[in-house]
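1. below: sequence and its predicted model.
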Amino acid sequence: MLNAGRTDHISALKTALKDNFNITLLGEAKVFIGITITRDRANRVIYLDQKHYIKDALETYKMESCNPCVLPLSPSDSISKCDGELPQLDEESKRLYQAIVGTLAYLMNCTRQDLAFAVNRLAQVASCPTDCHMISAKHVLRYLQGSKDYTLRVGGKVGIDPQNQINSVSVSAWFDASWADNADRRLTFGYVVMYAGTPLVWKSKKHCGTFLSTTDAEYLAATEMTHEICFILNIFQGLNIEVVKPIRMYGDNATANALANNTTTSNRTRHIEIRERFVSEKKEEGLIDMIKVDTRDQMADMFTKALPRDALMRHSASLGLIFPIETSTCLICHEIFKSNTKLHNYVKFVHAGTIYFSFH
């Protein structure tokens, strides 16, 4: 697949390839590695979905007729290694579990940020799954059954500077950490980097270290995200794309933000490793700026814990995930249905990603 900023560059490259190789030109890309591509050229938007990939996956795992559910993981679910308390799956079932997790990981990395935390938790027990873990994995497949029509919105005019011919854009980043939420008291951190209003990189990961406070955990998440930002900026520099600086990093822990803005130490923070002072160094250079955001508005929260339905959908919509207009979910029984004739309270998701609470 060829990508370029100008059509004449693509035409020249296609001509050169045809002169030297026996190739077939298939026109505009419509499906690529399981991702369906839909264009809205008037608004400079591309829509990506994996509906057909999800359907094939459900058929492969014999879940094509399963009942849908509204959450990948319930906030009350606890997925952790059982340490011999429960018998592990046999080898065939173990391979099946690992295949399911691999399928979910591919979806998450391509278009489905809402699966990130669930994949993180399921992957942690891939070497020793039990029946309970298999049930949780199939629960995520049930979630996909009800959400296979979700679409990721990429691009648009948000963040583009029309006065700058070299396409100066804004980059922002959101980070969060959930301290000692695992059974082994390790933390889970996550972040997302937004490029011109579009999610560019997202991650949900369990850290192997032990941290003494929420401030330590949040500062670690900020450090990891700063590393990612530096890598992205190096790529942009090679592509001759200018970025508005400083890059705003949004965190919901005021103490961690203050620590990044102040290189001095105190009795409570002097144990923090030198490598984590990397954030303060980049702050002094003017590369980043730490900004406090309310926890309710912290988009990276969906990467660190299993959220309730409304919070997960709100953050997913902020990251560009679009829900079909006909999909409704009852707030009482959590049933997904496409008819608006039922006498239920429901949430309607419109095509623009805005969430409307309504009653019928």
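-> Done, it's in.
2. wait, Thr198 sits on Gly155?
-> Yes. Judged on Cβ atoms under 8 Å, Thr198 makes contact with Gly155 at a distance of 6.1 Å. (C-beta placed from N, C-alpha, C; glycine too.)
3. now the common contact residues for these two.
-> Shared contacts of Thr198 and Gly155 (Cβ atoms under 8 Å, 6 or more residues apart in numbering): none.
4. report pLDDT for Gln165.
-> As predicted, Gln165 sits at a pLDDT of 37.
5. cool, and the one 5 residues further on?
-> Looking at Ser170, its pLDDT is 81.
6. what about Asp131, distance to Lys94?
-> Asp131 sits 11 Å away from Lys94, going by Cβ to Cβ, to the nearest Å.
7. and the two? Which one has more around it.
-> Lys94 (18 against 13; other Cβ atoms under 10 Å).
8. which one is Leu104 nearest to, not counting chain neighbours?
-> Counting by Cβ to Cβ, 6 or more residues apart in numbering, Leu104 lies nearest to Val119, which is 5.0 Å off, once chain neighbours are set aside.
9. I misspoke; the intended subject was Thr255.
-> Nearest non-adjacent residue to Thr255, counting by Cβ to Cβ, 6+ apart: Thr215, 4.5 Å away.
10. can I assume that neighbour is in contact with Ala256?
-> Yes. At 5.0 Å, Thr215 counts as touching Ala256 under the criterion of Cβ under 8 Å.
11. please say which of those two ends up with more neighbours.
-> Ala256 (26 against 21).
12. which secondary structure elements does the lengthiest helix in the chain sit against?
-> Criterion DSSP state H: the longest helix present in the chain is helix 214-238. Where contact means 3 or more Cβ pairs under 8 Å, 6 or more residues apart in numbering; DSSP states H and E, helix 214-238 is packed against strand 171-178, strand 188-195, strand 198-206, strand 247-251, helix 254-261, helix 278-284, strand 288-292.
13. okay, the ones you listed in JSON lines with distance to Lys51 next?
-> JSON lines is the format used below for the helices and strands packed on helix 214-238 (distance: least, Cβ to Cβ, whole Å):
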{"stretch": "strand 171-178", "distance to Lys51": "27"}
{"stretch": "strand 188-195", "distance to Lys51": "23"}
{"stretch": "strand 198-206", "distance to Lys51": "19"}
{"stretch": "strand 247-251", "distance to Lys51": "32"}
{"stretch": "helix 254-261", "distance to Lys51": "39"}
{"stretch": "helix 278-284", "distance to Lys51": "40"}
{"stretch": "strand 288-292", "distance to Lys51": "36"}
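14. which of these has the lowest average pLDDT?
-> For the helices and strands packed on helix 214-238, mean pLDDT drops lowest on helix 254-261, to a mean of 74.
15. give me the angle between that one and strand 247-251.
-> 150 degrees (axes from the mean of the first three to the mean of the last three Cα atoms, to 10 degrees).
16. mind listing what's buried along helix 254-261?
-> Neighbour-count burial for helix 254-261 flags 255-257, 259-260 (criterion: 16 or more other Cβ atoms under 10 Å).
17. Gly5: which of these is nearest?
-> When these are compared for distance to Gly5 (Cβ to Cβ), Ala260 wins out at 35.2 Å.
18. what about the closest one, distance to Thr226?
-> Ala260 sits 9 Å away from Thr226, taking Cβ to Cβ as the criterion.
19. quick check: neighbours shared by those two?
-> By Cβ under 8 Å, 6+ apart, the residues touching both Ala260 and Thr226 are Val279.
20. which sections of the stretch 101-250 of the chain are below the confidence cut-off?
-> For the stretch 101-250 of the chain, the stretches with pLDDT under 70 are 157-169, 180-185, 208-212.
21. mind redoing it with 80?
-> Low-confidence segments of the stretch 101-250 of the chain (pLDDT under 80): 156-169, 179-186, 196-197, 207-216.
22. hang on, the residue nearest to Leu104 packs against Thr103?
-> No. Applying Cβ under 8 Å, one finds Val119 not in contact with Thr103, separated by 9.8 Å.
23. need the nearest residue in space to Tyr195, chain neighbours excluded.
-> In this structure, Tyr195 finds its nearest non-sequential neighbour in Val171, 5.6 Å apart by Cβ to Cβ, 6+ apart.
24. just give me the neighbour total for Thr304.
-> For Thr304, the count of nearby residues is 27 (other Cβ under 10 Å).
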